[in-house]
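Undergrad: After the sequence you'll find the predicted model.
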Amino acid sequence: QVQLVESGGGLVQAGDSLRLSCAASGRTFSLYAMGWFRQAPGKEREFIATISQSGTNTYYVNSVKGRFTISGDNAKNMVYLHMNGLKPEDTAVYYCVASKRSDWYRGWSTSYDYWGQGTQVTVSS
């Protein structure tokens, strides 16, 4: 089992930056990748970004490319989501995820085995 705990959410203004952190514990050696999803009120859960265990490969949803950056620190079992140029439409609960599947790069929610409890990000206009 792997446990994921997010932190760093909050209320910011449009154009601001925010960094989300995710601490992983447990059988982290079994993971292929970690990433982030988000869910806005009344909307389906959406893939945001993912990073391979080695840190070599990253993938993003088009709507955040150039604004968000995912990074990891294997020594600390941490993954981060650096968010710049935040927009009101980025308002959502952000979930840290982890995968032990070979299709992790597809960004499907079913490719991720472990989910954190979520952290709220609210962007005011």
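TA: That came in fine, so what should we check first?

Undergrad: neighbouring contacts of stretch 100-116?
TA: The contact list for stretch 100-116 (CB atoms under 8 Å, 6 or more residues apart in numbering) reads 1-6, 22, 30-33, 35, 37, 45, 47, 50, 52, 57, 59, 61, 95-99. The C-beta positions use only the backbone N, C-alpha and C, and glycine is treated the same way.

Undergrad: Give the bridge partners for the residue nearest the centre of the chain, please.
TA: The chain has Trp36 as the residue nearest its centroid, 1.9 Å off, counting by CA atoms, centre = their mean. For Trp36, the beta-bridge partners under DSSP bridges are Ala49, Cys96.

Undergrad: Name all residues that make contact with it.
TA: Leu20, Cys22, Ile48, Ala49, Thr50, Ile70, Val79, Leu81, Tyr94, Tyr95, Cys96, Val97.

Undergrad: Confirm that Ala75 sits in a strand.
TA: No. The assignment for Ala75 is helix, going by DSSP: H, G, I helix; E, B strand; the rest coil, so no strand is present there.

Undergrad: Quick check: pLDDT value at it.
TA: Per-residue confidence (pLDDT) for Ala75: 89.

Undergrad: quick one: it and Phe37, what's the gap?
TA: 25 Å (CB to CB, to the nearest Å).

Undergrad: Please tell me the pLDDT value assigned to the residue nearest to Gly8 when sequence neighbours are not counted.
TA: What sits nearest to Gly8 in space, not counting adjacent residues and going by CB to CB, 6 or more residues apart in numbering, is Leu20, at 4.3 Å. We have a pLDDT of 98 for Leu20.

Undergrad: what about Leu20, helix or strand, and which?
TA: Using DSSP states H and E, Leu20 sits in strand 18-26.

Undergrad: Give the buried residues for that strand.
TA: By 16 or more other CB atoms under 10 Å, the buried positions in strand 18-26 come out as Leu18, Leu20, Ser21, Cys22, Ala24.
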